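K.L.:
Give me the fold of what follows.
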Amino acid sequence: MTNQNKPYEPLTQDNAAVILVDHQVGLMSGVRDYPIATLKHNVVALAKAAKALKLPIVATTTARDSMWGPTIPELVEALTGIEIIDRSSVNAYDDARVARAIEGTGRKKLIFAGLSMEVCAAFPAMTAVSRGLDAYVAVDACGTFSETKHQVGLLRMVQAGVVPSDYTTLMVEILKDNARPEAGPVYGAMDMDWAKLVGQIVQGNTKQ
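P.N.:
This is a model prediction of the structure:
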């Protein structure tokens, strides 16, 4: 287990990258720990917010043409201009092209999301920790096939030194200041219904 007393070092635009693993049609159909519509919303919002923050994004699939099908269309649209690397290895980090793409970002803090959480997100995240990098998993942009898998996957990642979080917390940590010009695009990308409602109330009050 990594040192739990390690000083807090925030995620920033300069030290973070996002790794999206296997958000594929076939795997998505088996998700049971989140409503599929919610999961799609969350991973697409993560990708859009990361692009708004100009973070490097690495995306990959496994056995796209033989087993698990293509990346979900909503995410493909959000990833316009980004190559989705197809591989055969279970652990994305075991694929030389994926490893080169991750390491080529030059970032030391890696935010993972994947289907399934306990394999496709957890394995490369734990590998990153073993290589001296900081790994985070956006749990609500992942999914898996039972509540048991969800719970034991979280336990194993934490024991290995991976930091579990949620996609909005990770993105606003990187945003850091709501006065930044990126704030509007980032919040718009995350598309949080309650935030839009509050914004409408505030705007309505200022017009009175």
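K.L.:
list the contacts for the closest residue to residue 87 other than its chain neighbours?
P.N.:
The shortest distance from residue 87 to any non-neighbouring residue, by CB to CB, 6 or more residues apart in numbering, is to residue 95 (4.0 Å). Yep, even glycine has a C-beta here, placed from its N, CA and C like the rest. For residue 95, the contact set (CB atoms under 8 Å, 6 or more residues apart in numbering) comprises 60, 85, 87, 88, 89.
K.L.:
for the protein, which spans come out with low pLDDT?
P.N.:
Across the chain, the ranges flagged by pLDDT under 70 are 1-5, 194-208.
K.L.:
can you give me the helices for it?
P.N.:
Applying DSSP state H to the chain gives helices spanning 25-28, 36-52, 73-78, 96-104, 122-130, 147-160, 167-175, 183-190, 193-207.
K.L.:
Pick out the residue closest to the middle of this structure.
P.N.:
residue 113 (3.6 Å; CA atoms, centre = their mean).
K.L.:
Now for the closest residue to that one other than its chain neighbours: which residues touch it?
P.N.:
Ranked by CB to CB, 6+ apart and with sequence neighbours excluded, the top spatial neighbour of residue 113 is residue 141, at 3.7 Å. Going by CB under 8 Å, 6+ apart, residue 141 touches 39, 42, 43, 45, 46, 113, 166, 167.
K.L.:
OK, contacts around the closest residue to the fourth one other than its chain neighbours?
P.N.:
For residue 45, the nearest residue in space outside its immediate sequence neighbours is residue 190; the separation is 4.8 Å by CB to CB, 6+ apart. Residue 190 sits next to 45, 48, 49, 167, 168, 171 when contact means CB under 8 Å, 6+ apart.
K.L.:
now for these, which pair is the farthest apart?
P.N.:
Between any two of the contacts of residue 190, the greatest separation by CB to CB is 12.0 Å, found for 48 and 168.
K.L.:
picking up where we left off before, next, the contact list for the residue nearest to the centre of the chain, please.
P.N.:
Here residue 113 is in contact with 18-21, 23, 43, 46, 121, 137-138, 141-142, 167 (criterion: CB under 8 Å, 6+ apart).
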